[in-house]
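Undergrad: fold the following and give me the result.
(one chain, ligands or ions: 1)
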Amino acid sequence: MALISQGIADSSLRHHMENARKNGVTREEAAAIITHATMYSGWPKGWAAFRLAKEVWTDDEEPAGEKGVRIAEPSGLSKEFPKGVPNDAYAQYFVGNSWVAPLGDPQLGATNVTFEPGCRNNWHIHHKGGQVLICIAGRGWYQEWGKPAQELRPGDVVSIQPEVKHWHGAAADSWFQHIALAVPAEGASAEWLEPVDAQAYEQLG
Ligand code: MN
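TA: I've put the predicted structure just below:
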């Protein structure tokens, strides 16, 4: 843990991991330990440790096709973009847990938003400036008022016009991540409205 938090992901960390494995630490336990350490070290260092652990535990008794995958992607999240911190500021407008990671200069208004399965935001409106969603991981939904919901997959880009009432979030059974870009405009604001009808959301699947 100390080595991870110092960002040391080299041969000495590998040596410790190999010892741990010899002493019976399973890949799941290793993933839990690294996840815990990452809370202190930050994701860039954590991912370096995950990559190393993936090599050390790679030939454990895993079903074919899953080797080395699960440990680095515990919930199908992006490996390239950080999950960030709990979205406390907007939690009151979300059902379920979400996380936010500002990307680049904060003035850019670019944020990676991570939704746990079943998490979505309330109906809301971006006044004056719109919003662009760039989907990067998992499966989610976007819906405009009065229109059918639209399934979102990595690579999908949604352009939300100002003054359009809408919501976005994860599918019920999948984590979801999108980068949200605020379109700059004089006097831009967001208006938060009622939650998405739970029954209508459940029917989306
Ligand atoms: Mn929005």
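
Undergrad: Three-state assignment for A89, please.
TA: Classification of A89 using DSSP: H, G, I helix; E, B strand; the rest coil returns helix.

Undergrad: the helix or strand of the chain with the lowest mean pLDDT: what's the following helix or strand?
TA: Least confident element among the helices and strands of the chain, by mean pLDDT, DSSP states H and E: helix 2-5 (a mean of 53). For helix 2-5, the following helix or strand on the C-terminal side (DSSP states H and E) is helix 11-22.

Undergrad: and that following helix, what does it pack against?
TA: For helix 11-22, the elements it packs on are helix 2-5, helix 27-41, helix 43-56, judged by 3 or more C-beta pairs under 8 Å, 6 or more residues apart in numbering; DSSP states H and E. The way it works is simple: take the backbone N, C-alpha and C, and place the C-beta from them, glycine included.

Undergrad: go again with 6 Å.
TA: helix 43-56 (3 or more C-beta pairs under 6 Å, 6 or more residues apart in numbering; DSSP states H and E).

Undergrad: number of nearby residues for the nearest residue to I160 once chain neighbours are set aside?
TA: Counting by C-beta to C-beta, 6 or more residues apart in numbering, the nearest residue to I160 once its immediate chain neighbours are dropped is Q131, at 4.4 Å. One way to gauge burial is a neighbour count; for Q131, by other C-beta atoms under 10 Å, it gives 21.
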